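**Q** Quick one, structure for this:
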Amino acid sequence: FAYDASNPTVPTFVYETPAMSAAIADPANFALSHYFTIDRATTGRDLGAALDFGDVWRQGDQGWGSTLNFGAKATDERKRHTTSGGFWFTGSPVALSPMLSGFSDSNYYSNISNAFSIGPMPNEALARAYETAHAADFTNGTDTVGNTLASFNGSERIYAGYVSNRATAGPLELYLGLRAEHTQADYTGHAVTTDASGNIASIQTVPGSQTYTDLFPSAQVRYSLSSRTDARLSVTRGIARPDYSSLAPSLSGTLGASPSDPSALTAGNPNLKPQHAWNYDVLVEHFFPSVGVISGGVFYKQLTDFIFNQTFRYTGPIAAFVGQLGTRPENGGTGHLLGFEGEWVQRLVSLPGAWAGLGFDANFTHVESRALVDPATQRYAPLQRQSPNLANAALTYDYSAVSARLGWAYQGANITSYGDGSASPAGDTYFYAHSQLDGSIIYNFNPRVQIQLQGLNLNNAVFGFFSGNQKHDYAIQREYYGRTIYLGAKYNIGAM
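**A** Numbers count the residues shown, from 1 in each chain. Got it, this is the predicted structure:
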């Protein structure tokens, strides 16, 4: 092969001779040397109970009014994740020819490059039948240690109580609240011990727990500037708890993946702490005399111990994953984000006749974020999974029996896991920017019968990851899922 990286977004391999091009299409040059299964099961149960009380302790006709609320809530959640995948191999690879299918696709990946062609493909049913009939010819190489390391269970119990008071006086409304939460999280994972030579000596069950209590004050002021215009100011405190798969000692990966793909391996971190934030919001909204609203605001979030995915290269002791890039959750230092948002929703009901069904929705959000992702080097970077720009726009139509919508959604490129921050393959891992068109139309024949036509991803938008930075990206994965069209009918039994 000749490797062409002139377009780093779509690097290609080119056959150097016609003979090589012909060889890649010959089924005799393909053989089955191993096969594997990916078997994962997650089970769980959730229990919860809540009790709420409220009382108007001062009537509004006395110049101002006030309502007191208080209550309690308890939740108990348990989850178990079990991995039991298998791997079988043979020293005498089996030719593809007896399991060959007639499938082909002349348009394979052709929407971005003509350098790729799809080769001979196996028939899944024939391949499975062969593997079953010749099971004795394959050696069971199942990684039972890896399965154990990828299995864990956990539970989380939260006991909460709150008190709040809402007071109104003319155009002013004041809300004050305080919530207390006590969290008890328990988990069980697994870890390996090695001997002096680095070989696996044993697998240990590792239990762990976290217990903490938090207070979450909140305050909101709403002022009616007019009968159709409100201004709001709020201050709240929030929490983001790590989930079980993040806390429990665990290691889960995909065998045979590209070593440079960090999404192929994940690890847990029992030292992970919950993330806290103070949130400050200012919003002004105006309601039109017709059906519509326009609003705008600014927001600021101050973070501590924020949780992010850190890219690492696995060094052992599981030999199958040595050298593989992976991700594991870590706590960063402090961080913040500052942004503004605007929205306009309008239904043009004042237009004549059927034109009155037209309408539109539009919103835009811009965010600037910064967080300490490596205290040792004092490296700051944008917050993970936080796009700098988000936008949505839609043209709507609702009139008589017809309801239709054509929508566009945009999400800017954003970091999914941190690397070293360089403009190289060892840099941060990003989601590609995503811009997608969707549409739907519904026709109601009568109150009982409805027909629906829906189209998703009409522009065949790209999905994938790259490493480096937004000026120097190295493609990891680019996927095109094509357009999806749904046609359906609905019959409402209870309608009259």
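**Q** Any idea how many residues pack against Gln220?
**A** Residue neighbour count, defined by other C-beta atoms under 10 Å, stands at 16 for Gln220. Using the backbone N, CA and C atoms, a C-beta is placed for each residue, glycine as well.
**Q** does it really touch Tyr175, like I thought?
**A** Yes. Counting by C-beta atoms under 8 Å, Gln220 touches Tyr175, with 4.3 Å between them.
**Q** mind checking the end-to-end distance for stretch 299-313?
**A** Its first and final residues considered, stretch 299-313 spans 37 Å by C-alpha to C-alpha, to the nearest Å.
**Q** For that stretch, buried residues please.
**A** By neighbour count on 16 or more other C-beta atoms under 10 Å, the buried set for stretch 299-313 is 299, 301, 303, 305-312.
**Q** same deal with stretch 121-136?
**A** Those would be 121-123, 127, 130-131, for stretch 121-136 by 16+ other C-beta under 10 Å.
**Q** Find the pair from those residues with maximum spatial separation.
**A** Farthest apart among the buried residues of stretch 121-136 by C-beta to C-beta are Met121 and Glu131. That separation is 16.5 Å.
**Q** Okay, helices next: where are they in the stretch 201-350 of the chain?
**A** Here the stretch 201-350 of the chain has its helices, by DSSP state H, counting those that start in this stretch, at 244-247.
**Q** Extract the residue ranges of the stretch 201-350 of the chain that are flagged as low pLDDT.
**A** Along the stretch 201-350 of the chain, the model assigns pLDDT under 70 to residues 255-256.
**Q** Run a quick check on Leu96 versus Pro120, I expect a contact.
**A** Yes. Between Leu96 and Pro120 there is a contact at 6.1 Å, judged by C-beta under 8 Å.
**Q** hey, what's in contact with both of these two?
**A** Common neighbours of Leu96 and Pro120 are listed as 27, 30 (criterion: C-beta atoms under 8 Å, 6 or more residues apart in numbering).
**Q** top helix in this protein by residue count?
**A** Longest helix of the chain, by residue count under DSSP state H: helix 124-133.
**Q** Residues in contact with it: which ones?
**A** For helix 124-133, contacts defined as C-beta under 8 Å, 6+ apart pick out 32, 35, 88, 94, 98-101, 138.
**Q** Alpha carbons of that helix, as PDB, please.
**A** The C-alpha atoms that make up helix 124-133 are tabulated as PDB, following Å, rounded to 0.1, in the frame of the first residue of the first chain:
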ATOM      1  CA  GLU A 124     -22.800 -14.500   8.900                       C
ATOM      2  CA  ALA A 125     -25.100 -17.600   9.100                       C
ATOM      3  CA  LEU A 126     -22.500 -19.800   7.300                       C
ATOM      4  CA  ALA A 127     -19.700 -18.500   9.500                       C
ATOM      5  CA  ARG A 128     -21.600 -19.200  12.700                       C
ATOM      6  CA  ALA A 129     -22.600 -22.700  11.500                       C
ATOM      7  CA  TYR A 130     -19.000 -23.500  10.700                       C
ATOM      8  CA  GLU A 131     -17.800 -22.300  14.100                       C
ATOM      9  CA  THR A 132     -20.400 -24.400  15.800                       C
ATOM     10  CA  ALA A 133     -19.700 -27.500  13.700                       C
END
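**Q** what are the phi and psi values for the one residue sitting closest to the centre of the chain?
**A** The residue lying closest to the centre of the chain (C-alpha atoms, centre = their mean) is Arg385, at 8.6 Å. Dihedral pair for Arg385: phi 60, psi 20, per degrees, to the nearest 10.
**Q** With Gly353 instead?
**A** phi 60, psi -140.
**Q** Before we move on, what's the pLDDT of it?
**A** The model reports Gly353 with a pLDDT of 93.
**Q** Then the one 3 residues further on?
**A** Here the pLDDT value assigned to Ala356 is 93.
**Q** So it is in contact with Ser400, correct?
**A** No. Assessed by C-beta under 8 Å, Ala356 is found out of contact with Ser400, at 10.1 Å.
**Q** higher neighbour count, these two?
**A** Ala356 (15 against 9).
**Q** so is that one in a helix, a strand, or just coil?
**A** Three-state assignment for Ala356 (DSSP: H, G, I helix; E, B strand; the rest coil): helix.
**Q** if we can go back for a sec, which neighbours do Ala356 and Ser400 share?
**A** Common neighbours of Ala356 and Ser400 (C-beta under 8 Å, 6+ apart) do not exist.
**Q** Report the contact partners of Ser403.
**A** 397, 441-442, 444.
**Q** For it, list each beta-bridge partner.
**A** Residues in a beta bridge with Ser403, per DSSP bridges, are Asp398, Ile442.
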